[in-house]
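Enquirer: Task: produce atomic coordinates for the following.
(chains A and B)
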Amino acid sequence: MILRVNVTFEQVRELAQRTVTDVRYPKVSIYTLDAIWVLYDRVLRVDPHRLDDPARDRFLLSKGHGPSAFYAVLAAKGFIPAAWLDSIAALESPLGSHPDATLVPGAEISSGSLGHGLPLGVGIALGLRATGYRDARVFVLIGDAELDEGSNHEAMAFAGAAGLSNLDVVVADNASASLGWPGGIASRFDVHGWSSATVDMRDHEALYRSFTAAHADRPHVTVATARS
Amino acid sequence: MFRSHPLSDDTQALTMRDAFAAHAADLLDADPRVAVVLADISADMFRDAAAAHPDRVINVGIREQLLIGVAGGLALAGLRPIAHTYAPFLVERAFEQVKLDFEHQGTSGVLVSVGASYDWAEGSFTHFSPRDVALFDTLPGWRVFVPGHAAEVPPLLDRAVDADEGVYLRLSLRRNAAPHGVGEPFTVLRHGTRAAVVAVGPVLDNVLAATEGLDATVVYTNTPRPLDTTALRELAAAAGDTVVMVEPYLEGTSDWLVSRALSDRPHRLLSIGVGREELRRYGTAAEHERLHGLDAEGVAARLRAFLG
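Expert: Numbers count the residues shown, from 1 in each chain, chains lettered A, B, ... in the order given. I've put the predicted structure just below:
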């Protein structure tokens, strides 16, 4: 099921801003909010009451830095109490500056070290295929700077060759990669046989169209550009 | 012209790797939870299994970070992954993946290596992995199995796949003449009073030869992690609280466990294993075994010096 809770994007943004205590990444904390919101509000089939449903879709926050947007959406959608947002990163808080999947209901992976989410997502996508859950989809959110990590490129080449149609990547591009991506980020995926779309992070309809675009025989990447 | 192949040995009808591939194929047939992830190494040995189970035999090419990441993802999807390649690439090259993509995610997996400490001596240092077991000792909960004979591999692989914890199964072309100790943590092969000598995996035959005529207990294990420290304490108590660890990987790897197990009483410990220094030599595995003092003569000399 797709969750329908009466929370607006403006309200979830307020929730996200409540959690901005991440001193290392103050500016990156919530720029991913639009993409994560559209996924949880309109695309992912996930249910806070059935966290272990093997047929659920998976959202993997690979870019563990600045997880406020993620936590805010989990709170808005009933996975965690909103009160948790007020004590983020305290000793007894389940919410840290990098998410720990064993502590946060609804978090599929523990992240923080860059470049782990996409290989894990490829494995989950293969596992869903092997266990017969062929309709379940895997979305992995990575950052444009995270794309520097070579492990992503191992995964991009393999997923394209394997035609992993149940895999979607969202690259949250705030132009933070030190060397940039001459020729564009999408081209790195295109050469490996992925389908791709580059959209404005603030354009929720465009995000939705890309997240739901048909890609029957190949993985798909949405490059969501955020320029402040 | 090279004399040896990195992964096979003409003198062995059935290597540990052969036994692993054959038994893994049986497990794939029997258990829909089992998946095998490869990085080109041994892919030819899994050709039939891959044809029978295309969704559960996955070759990611020469991509070791992805090898471990995919295994971690399969575990998250509820499968029991077996990831396999050459030891230094499996354990050392992608060690952060080993650290973060299983336990940190709340899952576990099975890692099976070939190559060991110096199997392909002609390949030299880049293909040696004597530090692997020490690295697993930095992570919580991993089991380490070190068979000494191809016939020990299938039961150990069964146990690895059935376990809840992460398991590292370390295969080698070095081996003993006969299998031992399947199903028990320690197999006592000789009783003595001057020392308890623990032989791990393929060094057993050399240890037996080195201790011929010596008043020492000789114990074999192919499951060094978790080390059976309860049994070790009893064996040591009957042998003057004198322990000798002979291991086919980095010398001293088990020192911390033996010292901790015997910390409440005076004891002596000698560790014999693979030296820390890079030898920058080629040749054969048997020659490297001799250079590291792990042949029968080398072990005997260390024992004589230690026991007086």
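Enquirer: Who are the contact partners of residue 62?
Expert: I'll assume chain A. Counting by CB atoms under 8 Å, 6 or more residues apart in numbering or on different chains, A:Ser62 touches A:109, A:111, A:114-118, A:120-121, A:140-142, A:146. Any C-beta I mention is one placed from the backbone N, CA and C, and that applies to glycine too.
Enquirer: Chain B, not that one
Expert: B:Ala39, B:Asp40.
Enquirer: In chain B, what residue spans correspond to strands?
Expert: With DSSP state E, the ranges of strands along chain B come out as B:34-38, B:57-59, B:80-86, B:110-114, B:143-145, B:167-170, B:187-190, B:196-200, B:217-221, B:242-250, B:268-274.
Enquirer: Surely A:Asp53 touches A:Leu128?
Expert: No: contact criterion CB atoms under 8 Å: A:Asp53 and A:Leu128 do not qualify, at 11.9 Å.
Enquirer: Looking at these two, which is more packed in?
Expert: Taking neighbours as other CB atoms under 10 Å in any protein chain shown, A:Asp53 and A:Leu128 compare with A:Leu128 leading, 30 against 14.
Enquirer: So what's the residue count around the residue in chain B positioned nearest to chain A?
Expert: Nearest to chain A, among the residues of chain B, is B:Gly73, at 1.8 Å (CB to the nearest CB). A total of 35 residues lie near B:Gly73 under the criterion other CB under 10 Å.
Enquirer: What of A:Arg218?
Expert: Neighbours of A:Arg218 using other CB under 10 Å come to 19.
Enquirer: Could you grab the helix/strand/coil label for it?
Expert: Per DSSP: H, G, I helix; E, B strand; the rest coil, the local secondary structure of A:Arg218 is coil.
Enquirer: got a list of what it touches?
Expert: A:Gly160, A:Gly163, A:Leu164, A:Ser165, A:Gly193, A:Trp194, A:Ser195.
Enquirer: if I read this right, B:Val198 contacts B:Thr217, doesn't it?
Expert: No: using CB under 8 Å, B:Val198 is not in contact with B:Thr217; the gap is 9.0 Å.
Enquirer: who's more crowded, the two?
Expert: More neighbours surround B:Val198 than the other of B:Val198 and B:Thr217, with 28 against 24 (other CB under 10 Å).
Enquirer: ok, now how distant is that one from B:Glu297?
Expert: According to CB to CB, to the nearest Å, B:Val198 and B:Glu297 sit 20 Å apart.
Enquirer: And for B:Pro32?
Expert: 50 Å.
Enquirer: swap in A:Glu205?
Expert: Counting by CB to CB - A:Glu205 and B:Glu297 are separated by 78 Å.
Enquirer: More neighbours: which of these two?
Expert: B:Glu297 (12 against 9).
Enquirer: residue contacts, that one?
Expert: B:Ala210, B:Arg290.
Enquirer: pLDDT weak spots in the chain?
Expert: With no chain named, the answer covers chain A. A:1-5, A:20-29, A:228 (pLDDT under 70).
Enquirer: wrong chain, I was asking about chain B
Expert: If you take pLDDT under 70 as the line, chain B has these spans: B:1-3.
Enquirer: residues contacting A:Leu141?
Expert: Going by CB under 8 Å, 6+ apart, the list of residues near A:Leu141 reads A:Thr32, A:Ala35, A:Ile36, A:Phe59, A:Leu60, A:Leu61, A:Ser62, A:Lys63, A:Gly117, A:Val169, A:Val170, A:Ala172.
Enquirer: I'd guessed B:Thr15 sits against B:Ser8; true?
Expert: Yes: between B:Thr15 and B:Ser8 there is a contact under CB under 8 Å: 6.4 Å.
Enquirer: any shared contact partners between these two?
Expert: B:Leu173.
Enquirer: When those two are compared, which one has more neighbours?
Expert: B:Thr15 (21 against 14).
Enquirer: For the more buried one, give me its contacts.
Expert: Applying CB under 8 Å, 6+ apart, we find B:Thr15 in contact with B:Ser8, B:Asp9, B:Ala150, B:Leu171, B:Leu173.
Enquirer: On the three-state scheme, A:Gly193 is what?
Expert: coil.
Enquirer: helix/strand/coil for the closest residue to chain B within chain A?
Expert: Across chain A, no residue is closer to chain B than A:Gly123, which sits at 1.8 Å (CB to the nearest CB). What three-state DSSP gives for A:Gly123 is helix.
Enquirer: Isn't it up against B:Gly78?
Expert: No: look at A:Gly123 against B:Gly78 with CB under 8 Å: they stay out of range, at 11.4 Å.
Enquirer: Which one's more surrounded, these two?
Expert: For A:Gly123 versus B:Gly78, neighbours defined as other CB under 10 Å are more numerous around A:Gly123 (32 against 16).
Enquirer: For that one, which non-adjacent residue is closest in space?
Expert: Leaving aside its chain neighbours, A:Gly123 sits nearest to B:Gly73 (1.8 Å; criterion: CB to CB, 6 or more residues apart in numbering or on different chains).
Enquirer: Thought A:Leu128 was touching the one you found, still the case?
Expert: No: contact criterion CB under 8 Å: B:Gly73 and A:Leu128 do not qualify, at 9.6 Å.
Enquirer: Give me the neighbour count for the nearest residue to B:Asn206 once chain neighbours are set aside.
Expert: Leaving out its chain neighbours, the residue that sits closest to B:Asn206 by CB to CB, 6+ apart is B:Ala296, at 4.5 Å. B:Ala296 has 18 neighbouring residues, counting by other CB under 10 Å.
Enquirer: what does the one 5 residues further on give?
Expert: The burial metric for B:Ala301, expressed as a neighbour count using other CB under 10 Å, is 14.
Enquirer: Can you give me the domain boundaries for chain B?
Expert: Following automatic domain parsing, chain B resolves into domains at B:16-170, B:187-307.
Enquirer: hey, which of these is tucked in deepest?
Expert: domain B:16-170 (a mean of 22; mean count of other CB atoms under 10 Å in any protein chain shown).
Enquirer: which residues does B:Asp255 contact?
Expert: B:Met245, B:Leu269, B:Ser271.
Enquirer: partner residues bridging the spatially most central residue of chain A?
Expert: For chain A, the residue sitting closest to the mean C-alpha position, by CA atoms, centre = their mean, is A:Leu141 at 3.1 Å. A:Leu141 has the following beta-bridge partners by DSSP bridges: A:Leu61, A:Val170.
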